[in-house]
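# one predicted model, sequence on top.
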Amino acid sequence: MKKIINQVDQAVSEMCKGIVAANPDLIMDERYKIIKRKMIDSNKVALISGGGSGHEPAHAGFVGEGMLTAAVCGDVFASPSTMQVFNAIKQTRTSKGTLLIIKNYSGDCMNFDAAAEMAEEDDIRVERVYVNDDIAVEDSLYTVGRRGVAGTLFVHKIAGAAAAAGKDLNEVKRIALKTIESVKSIGVALTSCTVPAKGTPTFDLGENELEFGVGIHGEPGIRRGTMCSSTELAKEMLSKLLSETGLAEGDTCAVMVNGLGATPLMELYIQYHDVEEILTKVKISIHKAFVGNYMTSLDMSGFSITILRLDDELKALLDAPADTEAMKV
Amino acid sequence: MKKIINQVDQAVSEMCKGIVAANPDLIMDERYKIIKRKMIDSNKVALISGGGSGHEPAHAGFVGEGMLTAAVCGDVFASPSTMQVFNAIKQTRTSKGTLLIIKNYSGDCMNFDAAAEMAEEDDIRVERVYVNDDIAVEDSLYTVGRRGVAGTLFVHKIAGAAAAAGKDLNEVKRIALKTIESVKSIGVALTSCTVPAKGTPTFDLGENELEFGVGIHGEPGIRRGTMCSSTELAKEMLSKLLSETGLAEGDTCAVMVNGLGATPLMELYIQYHDVEEILTKVKISIHKAFVGNYMTSLDMSGFSITILRLDDELKALLDAPADTEAMKV
Amino acid sequence: MSIKTENVKNAIDRLSDIVIQNEVHFCQLDSAAGDGDFGMSLAKGFREVHRQIEEIDSSSIQSFLRECSLIISEFCGGASGPIWGSAFAAAANSTKGKDGLELREIASMFEDAVAAIQKRGGAKLGDKTLLDALIPATIALKEADQVGKSMREAFEEASKKAEEGAEATKSMIASKGRASYVGDRSLNIPDAGAEAISIILKTMLL
Amino acid sequence: MSIKTENVKNAIDRLSDIVIQNEVHFCQLDSAAGDGDFGMSLAKGFREVHRQIEEIDSSSIQSFLRECSLIISEFCGGASGPIWGSAFAAAANSTKGKDGLELREIASMFEDAVAAIQKRGGAKLGDKTLLDALIPATIALKEADQVGKSMREAFEEASKKAEEGAEATKSMIASKGRASYVGDRSLNIPDAGAEAISIILKTMLL
Ligand SMILES: Nc1ncnc2c1ncn2[C@@H]1O[C@H](COP(=O)(O)OP(=O)(O)O)[C@@H](O)[C@H]1O
Ligand SMILES: Nc1ncnc2c1ncn2[C@@H]1O[C@H](COP(=O)(O)OP(=O)(O)O)[C@@H](O)[C@H]1O
Ligand SMILES: [Mg+2]
Ligand SMILES: [Mg+2]
Ligand SMILES: [Mg+2]
Ligand SMILES: [Mg+2]
């Protein structure tokens, strides 16, 4: 393992300090690893997200004007604790209540749920939404449901715009839920990531292999395939995404081609070029595109495609201004 | 080699198409691989930069409001041709003339110079500046001088703000030169990059080695070292940078911690945390920090640190608004 | 035989030791189908319990367990924080107003902990979680009390049932937690949490 | 013996072939101390010359060479575009108004090309560039003319000098181009551009 770090067990905390040092609009609660806005508008719904670290810029990079109020940072790939989340809720309390945006993993759900219950005992109004955009994992009665991946950023952006517009908690929650229903993602890995505490890759991929449907924590995907061209990947991934989002000729969407951490921007733009050509061919119009590293998996090489079906309401909120370290609109 | 591409010889052109497809404010001249602003203000100095591809987001990602007017894209790590640059100058001609921002490599210098001479024959006023911020290579009478690396972004930003403010060509050039004099960089690689046309890494580094003073094209650095902590790297690199910039207690600077392509943001923020601690200790104040991928070297893992010494003039121009794909201020 | 606060405190300290000593082993158990952090997540919390054990308010069993639950909720990572934290919180509640616990009360303390875990995580028997060891163990405690067995005999029985329960998770497909994402691939691999329950109970008896 | 447009055209076509055939070899030469793209950069331009050769305006030697220089400037990558492009542009200028070239005129055409390369890139003899082969070759042509040698003899002499010049670059440290960044490490390795000049001249004579 070759990483630019100091002690492994200090990596997350030093990273958090680096983020706030680089961004004068943010402050950090060191004990609970909460990164939050310096100025919190007490008349707007507070939006809190977070999860395991290793997905940078998610989520701390999206704290700021028009997006999150705070992000709670767990250890690498591990949910933040109930106490961390509970304190984030308390520290960012506003008169309009708090919405928790949770990626659907059992650890995250349990910790955010427990924190919400504690906050309610303290008379803080808390609502929760669970993002489950990853279509790689089949939804079924027997599982905890689909994982939350890069589509979470669209929920941050759109719910963030709704909160910034002064909407009340129920309304912000309704809009967040609508975004969640409209967003689907799928990812592919060319290499594994290496968790610092472990020091060796989580899985092995041959020089000619890829893992299709991979998660953002190095979870195995749905199948191991052989390397193929960017165009072939775009085709396979989009065909799944289009059928899941139900997008058809004449519809409008937003697209995110998201790098998983070690993928050069050159390759992401080549992939986006393929995505754009295919969508143009089937006459689905792209209202806005995001190409870059948004929800990464440490040093994993690969990418995910996220498609967000848009109506006029979501479109307007997606276009509303945002000013954060990793997304400025 | 595992890359998300189609044919190797189409990679640059598909990437360029992807960039303009993702950004509605840009258009592309496909023949000459020029990426330029859709709306060019004919009363402002035109700023053109460019160079080999493989450094994304540089340079096309910095075309837009408050920064470049156009970027000319060469093949991977190869200067664009004279004709490409000449046509970029012609296509973005304004009443105030054109400034070429050139990274100091012989190929780039010769092509941009030749293009400038051709443009002057066509009565277009063209001035040139050469960025040479990389302190790894010793400056001497016997070499072509130091290389241009990530510091180039500060020249784009600051000269771009001067041009946007309506200053004339001489003034924009003066400001660009002042920025070049004030900016120094140094990089370190943890892995080599792999040039698509070659398909294998340019150099080999052992599991415990790093290359100190590496260039952005996989050129060897000044010494091969053993892996060490983020803090140790920050110390060594900053001591060189501070003596070269002549920064001392009470001075102000801007800092860029730039990923070389495959380095996770987590590690860049950890490094920035170290940089910030050291500068704070020696009482040099950081006016603005940039942490992310700005001037990459394909899929190389590693980073560079850039320090820009600031006076009031540069500070104001650095803070002026910019709205490009890869830098928004 | 009645268990006093001091006994509870000793038991929890012993439990903490076992968790800390098994950190690497528990991680390995979680690697096969989960994400390999279970040992670390659990140890992080119990290391803190161990460190603070002398400062924890032990004026009553309830307050002692309640403070343990807060430490676990703060320091345990991942799913383990809320699972073990809510179990300890429920256990604390269960001992309200008692300054000693008979086997009957210990059995219902376990029942309350199981109910809290189920409420928190929504898992049931057969979902391939630690409940597949903890529920049989709890039932064993209760039955042992009903037939008048000793505390020691009751826990021997519980340990045996936990071991069988953990073993049985091998033939289950995980439907909760990270292991649920790998589908069939979790077959033939025991659940890390269930194995941990079994190991903890067995080691406590030594 | 006077060289006509048709001969120039044939020579350039042959030159293009040689460059294309040596693409990989020239890249390898550039790998040792440079960035390994020299063969590709050069071949990209000359492949285009070869492709367009029948469409190029060959009404005069000047116009033919001028159009070649434009193609080279557009399609050759890296440093090679401006170096070879300016050489061809100067060569074109040198033949202005001439419909045939004697050895004397060919020698001064080479001199003009050398001057243009020096003006463009600022390199001089000993800087470990293609000039270290091209300048001795040019001097050889001039001297051959002065002593009344034949065209063939003159180019044989030039080829020999180019080979010696290329060989001599091994003991130089590069101070221009990418190879200059590696400092001492360029020692014992010949310059790719100089080697290319030597190979081209030698092969043309076959
Ligand atoms: N919903 C749940 N209910 C009960 N136990 C669970 C649940 N989800 C996971 N577990 C238990 O937690 C263990 C994993 O814990 P840990 O590795 O800390 O969590 P994570 O899945 O967040 O990495 C599993 O082996 C299982 O026994
Ligand atoms: N300033 C210069 N003057 C003359 N020739 C040069 C100069 N710089 C480089 N060269 C020649 O060009 C060759 C390299 O060409 P090429 O690989 O295309 O350029 P780059 O350095 O841009 O990769 C060198 O081997 C050398 O002979
Ligand atoms: Mg985990
Ligand atoms: Mg080159
Ligand atoms: Mg786990
Ligand atoms: Mg070269």
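Thanks, I have it. Residues are numbered from 1 along each chain as shown, chains lettered A, B, ... in the order given. Ligands and ions are numbered 1, 2, ... in the order given.
# surely A:Lys315 touches A:Thr252?
Yes: under the criterion of Cβ atoms under 8 Å, A:Lys315 makes contact with A:Thr252 at 7.0 Å. Using the backbone N, CA and C atoms, a C-beta is placed for each residue, glycine as well.
# where do the contact lists of these two overlap?
Listed as contacting both A:Lys315 and A:Thr252 by Cβ atoms under 8 Å, 6 or more residues apart in numbering or on different chains are A:His287.
# name the nearest residue to residue 116, ignoring sequence neighbours.
I went with chain A, as the question did not name one. With sequence-adjacent residues excluded and distances taken as Cβ to Cβ, 6 or more residues apart in numbering or on different chains, A:Ala116 is closest to A:Val126, at 4.3 Å.
# that's the wrong chain, I meant chain C
Counting by Cβ to Cβ, 6+ apart, the residue nearest C:Ala116 is C:Ala90, at 3.5 Å.
# count of neighbours near A:Asp41?
By other Cβ atoms under 10 Å in any protein chain shown, 16 other residues sit near A:Asp41.
# how about A:Glu138?
By other Cβ under 10 Å, the residues close to A:Glu138 number 11.
# host element of it?
Under DSSP states H and E, no helix or strand contains A:Glu138.
# and for C:Cys68?
In the assignment (DSSP H and E), C:Cys68 maps to helix C:61-75.
# helix or strand right after that helix?
helix C:80-94.
# and the strands in the chain, which stretches?
Using chain A here. With DSSP state E as the criterion, chain A has strands at A:26-29, A:34-37, A:46-53, A:64-65, A:70-76, A:98-103, A:126-131, A:183-189, A:209-212, A:223-226, A:252-259, A:285-292, A:302-309, A:323-324.
# TSV for these, including mean pLDDT?
Output for the strands of chain A, formatted as TSV (pLDDT from 0 to 100):
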stretch	mean pLDDT
strand A:26-29	98
strand A:34-37	98
strand A:46-53	97
strand A:64-65	98
strand A:70-76	96
strand A:98-103	98
strand A:126-131	98
strand A:183-189	97
strand A:209-212	95
strand A:223-226	92
strand A:252-259	98
strand A:285-292	98
strand A:302-309	98
strand A:323-324	97
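# dump those to a markdown table, plus distance to ligand 6 and mean neighbour count.
Supplementary listing: these in a markdown table, determined by distance: least, Cβ to the ion, whole Å; neighbours: other Cβ atoms under 10 Å in any protein chain shown:
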| stretch | distance to ligand 6 | mean neighbour count |
| --- | --- | --- |
| strand A:26-29 | 45 | 18 |
| strand A:34-37 | 45 | 24 |
| strand A:46-53 | 42 | 28 |
| strand A:64-65 | 44 | 20 |
| strand A:70-76 | 41 | 27 |
| strand A:98-103 | 47 | 27 |
| strand A:126-131 | 48 | 22 |
| strand A:183-189 | 34 | 27 |
| strand A:209-212 | 32 | 20 |
| strand A:223-226 | 33 | 13 |
| strand A:252-259 | 29 | 25 |
| strand A:285-292 | 30 | 19 |
| strand A:302-309 | 31 | 27 |
| strand A:323-324 | 41 | 18 |
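# that older thread, the residue nearest to C:Ala116 - how many residues pack around it?
By other Cβ under 10 Å, neighbour count at C:Ala90 equals 22.
# that one touches C:Glu111, doesn't it?
No: between C:Ala90 and C:Glu111 there is no contact under Cβ under 8 Å: 9.1 Å.
# closest residue of chain A to ligand 1?
Using Cβ to the nearest ligand atom, the closest approach of chain A to ligand 1 is made by A:Gly107 at 3.0 Å.
# would you mind measuring from that residue to ligand 3?
6 Å (Cβ to the ion, to the nearest Å).
# returning to that earlier point: nearest to B:Val85, of the strands of chain A?
For those, the distance to B:Val85 is smallest for strand A:285-292, at 26.0 Å, taking Cβ to Cβ.
# touching the helix or strand of chain A with the lowest mean pLDDT from outside, list them.
Lowest on mean pLDDT, DSSP states H and E among the helices and strands of chain A sits strand A:223-226, with a mean of 92. Strand A:223-226 is contacted from outside by A:205, A:208-213, using Cβ under 8 Å, 6+ apart.
# can you check stretch A:1-13 too?
With Cβ under 8 Å, 6+ apart as the criterion, stretch A:1-13 contacts A:14, A:30, A:33, A:53, A:73-76, A:194, A:196-197, A:199-200, A:299, B:190-191, B:207-208, B:210, B:227, B:229-231, B:233, B:263, B:266-268, B:270-271, B:274, B:301, B:303.
# how about a cut-off of 7 Å?
A:14, A:33, A:53, A:73, A:75-76, A:194, A:196-197, A:199-200, B:190, B:207, B:227, B:229-231, B:233, B:263, B:266-267, B:270-271, B:303 (Cβ atoms under 7 Å, 6 or more residues apart in numbering or on different chains).
# and if you look at stretch C:95-107?
C:2-4, C:60-62, C:65, C:109, C:138, C:141-142, C:144-145, C:151, C:154.
# only the buried residues of that stretch, if you could.
C:95, C:98, C:101, C:103, C:105-107 (16 or more other Cβ atoms under 10 Å in any protein chain shown).
# please report how far A:His156 lies from chain C.
Between A:His156 and chain C the distance is 22 Å, computed by Cβ to the nearest Cβ, to the nearest Å.
# now do the contacts for A:Thr202.
With Cβ under 7 Å, 6+ apart, A:Thr202 has these contacts: A:192-193, A:195, A:218.
# just put those residues in TSV and tack on neighbour count and distance to D:Gly34.
Converted to TSV, the contacts of A:Thr202 look like this (neighbours: other Cβ atoms under 10 Å in any protein chain shown; distance: Cβ to Cβ, whole Å):
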residue	neighbour count	distance to D:Gly34
A:Ser192	22	35
A:Cys193	28	35
A:Val195	25	39
A:Gly218	23	39
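# farthest-apart pair in these, please.
Pairwise over those, using Cβ to Cβ, the maximum falls at A:Ser192 and A:Val195, 9.6 Å.
# can you name the residues that contact whichever residue of chain A sits closest to ligand 4?
Going by Cβ to the ion, ligand 4 is nearest to A:Met266 of chain A, at 16.9 Å. Residues near A:Met266 by Cβ under 7 Å, 6+ apart: B:11, B:15, B:53-54, B:56, B:298.
# quick one, grab the pLDDT at residue 199.
This is for chain A. A:Gly199 carries a pLDDT value of 88.
# hm, I was asking about chain C
Value listed for C:Ile199 in the pLDDT field: 97.
# how about the helix or strand where it lies against ligand 5, any contact?
If you go by DSSP H and E, C:Ile199 is part of helix C:192-204. No: figure legend: helix C:192-204 not in contact with ligand 5 (Cβ under 5 Å from the ion); closest approach 7.1 Å.
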